[in-house]
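Enquirer: Turn this into a model:
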Amino acid sequence: MAAQWRRARASLAKWCPFRLRKPDAVRHIGQMLRQYELVEKVKGYDPEADEDLLNKAYVFSMKAHGTQLRASGDPYFSHPIEVAGLLTDLKLDDETIATAILHDTIEDTLATPEQIEKLFGGNVARLVDGVTKLSKIEALTENERAAENLRKFLLAMSDDIRVLLVKLADRLHNMRTLHFIKNPDKRRRIAAETMEIYAPLAERIGMETLKAELEDLAFAELRPDARDSVLHRLRHLRQGDVDLVDRIVAELTQVLRAAGIEAEIFGREKTPYSIWRKMERKNVAFEQLSDIMAFRVHVDSLPTCYAALGVVHGAYHMLPGRFKDFISTPKPNGYRSLHTTIIGPERRKIEVQ
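Expert: The predicted model follows:
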């Protein structure tokens, strides 16, 4: 089991740079990924993918869910297709995409495990069964599934990490459409469950981008006033600086290239939740935070990683006490990187990873 998780973490590492696509405000059935579009997306990164498997899963799920509707009023079938679409952004294999398309059929339709196995094979049937079992845990009472115990149970139950990935994508799409649920108590329960269970689970298996969005969507429901306050300050910070991130990326790239280091650099503004959490933890005002923006530098080898750090520290003033070496001491989930905070380009305080 330990060896399997090490292999899974290693394979997840190559997915981390990919971004999950953001929803276009409210997505309706007309905007949903069509059958041929979904197949083309998978074939685009995996030419050997089983096209028949994907087509068959699409048609079966659409027929099985029939006239079922979501809280938004959209056909229910749009949900598993959106979940599958999220997983294509992570370039997952055809069996995982088929599982995403079929993941609610056993629980919410008349489809049976025997049908799934007969039509889609043993591997897909096992994955769909795994997702179904995880979904049933959500029905337990709060006392029966204390957050930490449930996280451990989910990890222990899933002998294939793809089951967890489908479940996390399922939760992400449900959180993106949470506002359609009219009952405020139900919305808050789902948001609290996401914050306590699913976001930490995503972090545990190395899915940092997914974890950050889950946290921020839950934060929007649980602490809307606090989130609006952070967003207001971010908008003020951005005034006149619409391309600030791009300018900083360009300067960092030039500084490293001048030292003979080729690197891919990605910049982002931290999420309102991560900013607010740091303000709470450190008991500081927004203006006192040193890393509203974070930049990730990708290089091709471990020695080059340390060399790039030396170049950055040589070019910019480093803030004392803000350096962390997660290469010599990796995080429990296998994450390895160097973190530093500098007074960087344009005299901005930024975090560089």
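Enquirer: Helices along the stretch 201-350 of the chain, start to end?
Expert: All helices of the stretch 201-350 of the chain, identified by DSSP state H, counting those that start in this stretch, fall at 208-222, 224-238, 244-258, 272-282, 302-315.
Enquirer: tell me the most buried of those helices?
Expert: Burial of the helices of the stretch 201-350 of the chain is given as mean neighbour count (mean count of other CB atoms under 10 Å); helix 208-222 ranks first at a mean of 21. (C-beta placed from N, C-alpha, C; glycine too.)
Enquirer: Touching it from outside, list them.
Expert: Contact with helix 208-222 is made by 16, 18-20, 168-169, 171-172, 175-176, 178, 187-188, 190-192, 194-195, 198-200, 202-203, 226-227, 271-274, 276, 335, as judged by CB atoms under 8 Å, 6 or more residues apart in numbering.
Enquirer: Also stretch 101-120?
Expert: Residues outside stretch 101-120 that contact it (CB under 8 Å, 6+ apart): 53-54, 56-58, 60-61, 64-66, 68, 76, 79-81, 83-84, 98, 124-125, 128-129, 131-132, 135-136, 166, 170.
Enquirer: Can you give me the buried ones in stretch 68-87?
Expert: In terms of neighbour count (16 or more other CB atoms under 10 Å), stretch 68-87 has its buried residues at 72, 74-87.
Enquirer: what residue is smack in the middle of this protein?
Expert: Per CA atoms, centre = their mean, the C-alpha nearest to the average position across the chain is that of residue 210, at 1.2 Å.
Enquirer: Could you report the separation of it from residue 169?
Expert: Distance of residue 210 to residue 169, computed by CB to CB, to the nearest Å: 8 Å.
Enquirer: burial measure for residue 39, as a count.
Expert: 22 (other CB atoms under 10 Å).
Enquirer: any idea how far residue 48 is from the residue nearest to it when sequence neighbours are not counted?
Expert: Spatial nearest neighbour of residue 39, excluding adjacent residues (CB to CB, 6 or more residues apart in numbering): residue 54 at 5.1 Å. Note on residue 54: its distance to residue 48, by CB to CB, is 12 Å.
Enquirer: Okay, now the unreliable bits of the protein?
Expert: Judged by pLDDT under 70, the chain has its weakly predicted residues at 1-30, 138-158, 240-242, 287-288, 290-291.
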